[in-house]
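**Q** starting from these lines, generate the structure:
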Amino acid sequence: MQKIKSSYKDPSSTVFRDDNSQRYFRALRYPPSLYNDLGVFPKVLNTSLNGLFEVEKIPFVNYYYEWTFDQFKDSAIYFLELLKSLNTKGYTFSDATPLNVTYNGKGEFIFIDHGSLIKKEGERWTAFYQFIKEYAYPLLYLSDNPALPPLGLLPLMGSRDWMFNYKPSFLNRFSFKYALLRSALTLSSKRSLTDFKEIQKVGILNQFQYNIEFFLDYTRGLQQKLPKTTRWENYYSETVLGDEYLANKQRALVNFFEKIATEITIGIDLGSSNGLMSETILSKYPDKKFICIESDAKAAKGLYSRSKKVNIIPIYNSVYFLSPHVGFSGSIQSLISRLAESSDVVIALGLVHHLMHEENLSLDIIFGFLSSLIRKGGYLIIEYISDEDPRHRLIKNVNYPYSLSHEDWERAVSKYALIISQIQLSDFRKLYLIQK
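**A** Numbers count the residues shown, from 1 in each chain. Okay, here's the model as predicted:
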């Protein structure tokens, strides 16, 4: 079995993957039944191996730096409510990092670290400072910087110094709640060896119930004011070519999916806008799941709202700069690696010509990238848009060094996959079903 790098910090709860069966096993501090009875964690299954216990596999693990502000905020509320619930049963968590929480669609967050569970002793909140450092201040920072993609948090999360020097916006800085947060930061952090012993006696750390209620109230009150207009927020209502074209695309998607549905569990929708196309498929196949990737702040916000009702996992990322490996020695996999391990189909609608002209990429590179996101035998649903199309002309790079012909488009596809079917959507647009 292979040790999972992301669990290296906690040897008492290390996670292993069996490469042959793709099942996951981990060491547990308490009897398996306890974790299942608490109903907080992925289920511990009945099988064990070499003293390790099999745990339920999460369909697709995603992280706070890939979420919208609202997702991140809701995950903090979810975490605090979990602490309240566990407290009534005599348990708590040893840490408070958002890396322990993932989003599973339909408004459901999951706490994924069995190793964080400990018995509650007294009223001290063990992870008080960590919650301030990894939840409270990052959320404050994002509320003040609405144009910042969530990936922008990564340089901050490894340091605490920025919090002491950070000056929030006027409204946040001169609020009573922020004054309490700032006091909590100062009192909970060990800033020098001389005051180490005194810090341990500070009463605020031992007011568990008060702290949970304060942070719930504080987090719920944070708001992020997005720009008035963004490039893609109204893509399906204003930018596409018309209602007939939109209806044709939706029918074509369902038509293609009918051919492959039995082979699909999880799909990827690249440049998904607010998730309308994924929802179109999921309305017919609600047991499937789509990972929707969108870089526009308002469109991503709408995508997260839609995901509370349908089986969508929103990822607030740019296709051009997907999340890299992060953590010490790259312990957390890149988004591309996680997608490639999970997905059976990739949908790329109105995207290829942007990759060509905005990034100066050849069709060989583009289709190589798209096919890398799925397993062998998986599928691609890709929209071809001729350079004569009026929308294509708007972004056309006159210095684009590669061929724009339809023949070369299909020739590039054939290097990586087999064209199964195609449907004409408009005079200059086709939808292709392609198998890797």
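
**Q** which of the residues in the lengthiest strand in the chain are buried?
**A** Identified as the longest strand of the chain according to DSSP state E is strand 418-426. Neighbour counts over strand 418-426 (16 or more other C-beta atoms under 10 Å) mark 422-423, 425 as buried. Any C-beta I mention is one placed from the backbone N, CA and C, and that applies to glycine too.

**Q** after the helix or strand bottoming out on mean pLDDT in the chain comes which helix or strand?
**A** Least confident element among the helices and strands of the chain, by mean pLDDT, DSSP states H and E: helix 196-199 (a mean of 52). Downstream of helix 196-199, the first helix or strand assigned by DSSP states H and E is helix 208-221.

**Q** list the helices and strands that next one packs on?
**A** With contacts taken as 3 or more C-beta pairs under 8 Å, 6 or more residues apart in numbering; DSSP states H and E, helix 208-221 sits against helix 69-87, helix 176-188.

**Q** check contacts around D144.
**A** 168-169, 172 (C-beta atoms under 8 Å, 6 or more residues apart in numbering).

**Q** how's this structure carved up into domains?
**A** Annotated domains of the chain cover 2-55, 64-221, 235-435 [automatic domain parsing].

**Q** ok, back up a step: and the buried ones among the contacts of D144, selectable in ChimeraX?
**A** The buried subset of those, as determined by 16+ other C-beta under 10 Å, is captured in ChimeraX by this line:
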select :168,172
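
**Q** looking at the contacts of D144, which are in helices?
**A** The helices in this structure, assigned by DSSP state H, contain N172 from these.

**Q** do you know how far G267 is from I434?
**A** Counting by C-beta to C-beta, to the nearest Å, the gap from G267 to I434 is 14 Å.

**Q** for stretch 258-267, list the C-alpha coordinates in PDB.
**A** Extracted C-alpha coordinates of stretch 258-267, given in PDB (Å, rounded to 0.1, in the frame of the first residue of the first chain):
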ATOM      1  CA  GLU A 258     -27.700   9.100 -23.300                       C
ATOM      2  CA  LYS A 259     -25.000   7.200 -25.300                       C
ATOM      3  CA  ILE A 260     -22.400   7.100 -22.400                       C
ATOM      4  CA  ALA A 261     -24.400   7.600 -19.200                       C
ATOM      5  CA  THR A 262     -23.800   4.000 -18.000                       C
ATOM      6  CA  GLU A 263     -20.000   4.600 -18.100                       C
ATOM      7  CA  ILE A 264     -20.100   8.000 -16.300                       C
ATOM      8  CA  THR A 265     -19.900   8.700 -12.600                       C
ATOM      9  CA  ILE A 266     -18.100  12.100 -12.400                       C
ATOM     10  CA  GLY A 267     -17.700  14.700 -15.100                       C
END
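
**Q** mind listing what's buried in it?
**A** Within stretch 258-267, the residues that qualify as buried are 260, 264, 266-267, counting by 16+ other C-beta under 10 Å.

**Q** next: stretch 7-16.
**A** Neighbour counts over stretch 7-16 (16+ other C-beta under 10 Å) mark 7, 10, 13-16 as buried.

**Q** CA atoms only: put that stretch into CSV for me.
**A** What follows is stretch 7-16, C-alpha atoms only, in CSV (Å, rounded to 0.1, in the frame of the first residue of the first chain):
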residue,chain,number,x,y,z
SER,A,7,-1.4,12.7,6.1
TYR,A,8,2.3,12.8,6.9
LYS,A,9,1.8,15.1,9.9
ASP,A,10,-0.1,12.7,12.0
PRO,A,11,1.5,9.2,12.3
SER,A,12,-1.2,8.0,14.6
SER,A,13,-3.8,8.5,11.8
THR,A,14,-1.8,7.9,8.6
VAL,A,15,-3.8,7.2,5.4
PHE,A,16,-2.8,4.5,2.9
